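Colleague: Only the shape, not the letters, is given here:
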């Protein structure tokens, strides 16, 4: 076996095996998490009071009509059967059929994701564009008037609820200036109009996030500026600003990226109130409408999809960390 | 800010005056989005709001004032015994997919609605139909079990529209009717678009196209109208903003009536409400005007019984229950509750219930009745209050037209069981002559008012805010509908 003749090759092979073992371990926990999540989601949603069929048919419906609709929705089957049907459907990529909309849940999600995902990305870009310069500037002018002003503004940004801020934006830019519509989404047929329609909601979502991000950026940078390698860099002859840009910013980004990752999942699932204020047809509004209409199959599938996204992203992050940091692999 | 607003408003008026000339489309907002587009398969009023009279038509229909007029049936004969209705259908009517509308479609629609596995939310409308026979392509005969004075009225409901077997399978997402507008697009969560039906059998509508948008949040509704994103908002959800629109020359405000009797529903089987003295005490404890002013910002007409005040057969019975807390306390003492009692007040989501509930709770506390308020979602309300009858008091607007018959059903959630009233309703159903019906309806209204079955609060009003140039909108809501047939822009 010539390939294994050197110690280097043996080490590489061992490295590879530990990596695979670690990935398998993570994968097992991913599958278990998903299974538990599906059980919890299904159970929680099943115990919400309110019969979906009775709700759809209203107060004048006759009991036999409600029974007929329950049969049509499959609600006359046992809970176990329905859970099993739902999970096996999900495994096949079949999210079921919405009871109220009477269209496949996949189509509903596909339509809505084209509002929620671009909105989340748009808001994230805006918040990053605001937070990075603000955080870096504040850190580099620590204690100065610029730093104090920015920190005061971010304090305010964290404190202002985004739905209130959204209403103020509507009042100024839609009602008074009439630069934007007060809400709604025209679709991606005309991308410029679509981006315009998402602008006020994205600003409303982005500003509080930017405030948090700017504070994290600043404190992370200040931590870095106290590290030995910065002193070394300064000792090498770099100016304070050069040391900041070449060494501190890059290292300070690690905690900042973690926060951005968390914010992204918040923006994707958490735009619900903003979607309500701007009557945008996004995922949050879909969940909201489906819960009040007791369209349980939609709620279950959308929530499951969000859980799936978060778990898979975490899995990817775990693998990425492990690839970078061997100590994590050893612990697995 | 003030000057700025003025400036913006005048700039807008200038712009709008130039664009108004060629207007043949309209954007109409309503609060709730239809869950699906099948008016024969769900109770959601939003389905009818979008589709009734625009996309779908029935044998008869409601006009703007609630009168029953001709629909697809151009005339009808009623046999002397009141059992056989012969409908003569309009000629040359086609569905939007090009297929002809004839007597077979009528038979299909009625048979489908009354079938055993039917999921029609108003199946009761069709309960008396014994047989539907096709006489020839333009004549259809409906035979009833027993005379039914309400039959033509029943056939006007959105749940009784005529559908075709060719297109029924996808009706929920692609509604195919015979109306003046065809369905073009539904961006779920945002809007539904309709286009003028070039082959419409009746007079062509003035509008070329219409867009329905769905804005549930009251603040967002205000913003959308102010920013002129929508041309009209039917059922504007924030009555507190109406004076502002009235003062603005860009807008007109229409306030009309609905068929919604808003009542303090009372569980007639649950002690102490099984005692008529207690129910009467509640009726005297209520100050209707305070509720209308406080919860509805003055919109609404006080009622003394379960009947619409604008109906010609309405009897004013407000004198049975004037606001009189002393009388209420005396009645409670007489009933053995001198120290009052505690009960539940379960409130569904609409603001008439949530805001009205707080006011009623305070008024009841005045006379010694303590209420535990619970806020419920609609689905919970239907299960807890409506189905399981687990409540003392609730507030709800009964929006179905002419629904006094619910008092004849002892199983109905407020559980009123009076054989005299039940016999009266049977007599009413069998009576077709108008004078006889009027007398019976008056008697029915009096019985429930004097039995203090529920606390009768007010008839729900509906507010529409529209741009000044929009004309022909319905002011009243005799049924859930936004009929665009007669809507146009003034020059």
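Modeller: Received the coordinates, thanks. Quick caveat: nothing in here was measured; it's all calculated off a predicted structure.
Colleague: Now the terminal residues of stretch A:176-193, how far apart.
Modeller: 20 Å (CA to CA, to the nearest Å).
Colleague: for stretch B:203-211, same thing?
Modeller: End-to-end distance for stretch B:203-211, by CA to CA: 21 Å.
Colleague: contacts for it?
Modeller: B:24-28, B:54, B:180-181, B:184, B:191-196, B:472, B:484-489 (CB atoms under 8 Å, 6 or more residues apart in numbering or on different chains). C-beta coordinates here come from the backbone N, C-alpha and C atoms, glycine included.
Colleague: give me the subset of those touching chain A.
Modeller: residue B:191 (CB under 8 Å from any CB of the partner chain).
Colleague: Sitting in strands, which of the contacts of stretch B:203-211 do you find?
Modeller: Counting by DSSP state E, the part of those found in strands is B:25-28, B:181, B:184, B:191-196, B:488-489.
Colleague: Save the residues you listed as CSV, and put in neighbour count and pLDDT too.
Modeller: Converted to CSV, the ones in strands among the contacts of stretch B:203-211 look like this (neighbours: other CB atoms under 10 Å in any protein chain shown; pLDDT from 0 to 100):
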residue, neighbour count, pLDDT
B:25, 16, 95
B:26, 25, 96
B:27, 20, 96
B:28, 25, 97
B:181, 26, 97
B:184, 12, 96
B:191, 22, 91
B:192, 25, 95
B:193, 17, 96
B:194, 26, 97
B:195, 16, 97
B:196, 18, 96
B:488, 16, 95
B:489, 19, 95
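Colleague: These into TSV, with extra columns for distance to residue B:244?
Modeller: TSV is the format used below for those (distance: CB to CB, whole Å):
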residue	distance to residue B:244
B:25	26
B:26	22
B:27	20
B:28	20
B:181	32
B:184	34
B:191	26
B:192	28
B:193	30
B:194	30
B:195	34
B:196	34
B:488	26
B:489	23
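Colleague: Closest one to residue A:243 out of the residues you listed, please.
Modeller: residue B:191 (55.3 Å; CB to CB).
Colleague: Quick check, the closest one in contact with residue B:215.
Modeller: No - using CB atoms under 8 Å, residue B:191 is not in contact with residue B:215; the gap is 10.3 Å.
Colleague: quick one: contacts for residue B:276?
Modeller: Going by CB under 8 Å, 6+ apart, the list of residues near residue B:276 reads B:451-452.
Colleague: Now stretch A:24-33: buried residues?
Modeller: Using 16 or more other CB atoms under 10 Å in any protein chain shown as the test for burial, stretch A:24-33 gives A:26, A:30, A:33.
Colleague: make that stretch A:157-177, sorry
Modeller: Under the neighbour-count criterion of 16+ other CB under 10 Å, stretch A:157-177 has A:157, A:162-163, A:165-167, A:169-171, A:173-176 buried.
Colleague: Identify those among these that sit within helices.
Modeller: A:157, A:162-163, A:165-167, A:169 (DSSP state H).
Colleague: Grab the two from these that are most spread out in space.
Modeller: Checking these with CB to CB, the most distant pair is A:157 and A:167, at 16.1 Å.
Colleague: Please list the residues of the stretch 1-150 of chain A that sit near chain B.
Modeller: Listed as neighbours of chain B in the stretch 1-150 of chain A under the rule CB under 8 Å from any CB: A:48-52, A:54-62, A:64-65, A:68-69, A:71-72, A:100-103, A:108, A:111-112, A:115.
Colleague: Name only those of the residues you listed that count as buried.
Modeller: A:50-52, A:54-62, A:65, A:68-69, A:100-103, A:108, A:111-112, A:115.
Colleague: ok, back up a step: need the ones in helices among the buried residues of stretch A:157-177 in a markdown table (columns: distance to chain B and pLDDT).
Modeller: Converted to a markdown table, these look like this (distance: CB to the nearest CB, whole Å; pLDDT from 0 to 100):
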| residue | distance to chain B | pLDDT |
| --- | --- | --- |
| A:157 | 22 | 89 |
| A:162 | 14 | 85 |
| A:163 | 9 | 87 |
| A:165 | 13 | 91 |
| A:166 | 9 | 91 |
| A:167 | 6 | 90 |
| A:169 | 10 | 93 |
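Colleague: Give me the next element, helix or strand, following the top strand by length along chain B.
Modeller: Identified as the longest strand of chain B according to DSSP E is strand B:251-266. Under the assignment DSSP states H and E, the closest C-terminal helix or strand after strand B:251-266 is helix B:276-285.
Colleague: ok, and for that following helix, which residues are buried?
Modeller: Buried, per 16+ other CB under 10 Å, within helix B:276-285: B:277-285.
Colleague: same check, this time on stretch B:391-407
Modeller: Neighbour counts over stretch B:391-407 (16+ other CB under 10 Å) mark B:391-401, B:403-407 as buried.
Colleague: quick one: which of these is nearest to residue A:147?
Modeller: Closest to residue A:147, out of all of the buried residues of stretch B:391-407 and judged by CB to CB, is residue B:395, at 55.6 Å.
Colleague: Can you classify that closest one by secondary structure?
Modeller: Under DSSP: H, G, I helix; E, B strand; the rest coil, residue B:395 falls in the strand class.
Colleague: what about it, distance to residue B:260?
Modeller: Counting by CB to CB, to the nearest Å, the separation of residue B:395 from residue B:260 is 12 Å.
Colleague: about what we covered before: export the buried residues of helix B:276-285 to CSV and tack on pLDDT and distance to residue B:77?
Modeller: Shown next, in CSV, are the buried residues of helix B:276-285 (pLDDT from 0 to 100; distance: CB to CB, whole Å):
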residue, pLDDT, distance to residue B:77
B:277, 96, 51
B:278, 97, 51
B:279, 97, 46
B:280, 97, 48
B:281, 97, 52
B:282, 97, 49
B:283, 96, 46
B:284, 97, 50
B:285, 96, 52
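Colleague: With distance to residue A:151 added, can I get those residues in CSV?
Modeller: Shown next, in CSV, are the buried residues of helix B:276-285 (distance: CB to CB, whole Å):
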residue, distance to residue A:151
B:277, 68
B:278, 63
B:279, 63
B:280, 65
B:281, 62
B:282, 58
B:283, 61
B:284, 62
B:285, 57
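Colleague: which one of the residues you listed is nearest residue B:104?
Modeller: Closest to residue B:104, out of all of these and judged by CB to CB, is residue B:279, at 51.3 Å.
Colleague: Now that closest one. Nearest residue, chain neighbours left out?
Modeller: Nearest non-adjacent residue to residue B:279, counting by CB to CB, 6 or more residues apart in numbering or on different chains: residue B:452, 3.9 Å away.
Colleague: rewinding a little: so is the longest strand of chain B next to chain A?
Modeller: No - counting by CB under 8 Å from any CB, chain A is not contacted by strand B:251-266; separation bottoms out at 11.0 Å.
Colleague: Which neighbouring elements make contact with that strand?
Modeller: The contact analysis (3 or more CB pairs under 8 Å, 6 or more residues apart in numbering or on different chains; DSSP states H and E) places strand B:251-266 against helix B:242-246, helix B:276-285, helix B:351-366, strand B:393-398, strand B:455-467.
Colleague: JSON lines for these, including distance to residue B:440?
Modeller: Shown next, in JSON lines, are these (distance: least, CB to CB, whole Å):
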{"stretch": "helix B:242-246", "distance to residue B:440": "38"}
{"stretch": "helix B:276-285", "distance to residue B:440": "23"}
{"stretch": "helix B:351-366", "distance to residue B:440": "30"}
{"stretch": "strand B:393-398", "distance to residue B:440": "20"}
{"stretch": "strand B:455-467", "distance to residue B:440": "19"}
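Colleague: Show me the one of these that comes nearest residue B:117.
Modeller: strand B:393-398 (27.8 Å).
Colleague: The lengthiest helix in chain A: what's the following helix or strand?
Modeller: Counting residues, the longest helix found in chain A (DSSP H) is helix A:7-47. Per DSSP H and E, helix A:7-47 leads on to helix A:52-57 as the next helix or strand towards the C-terminus.
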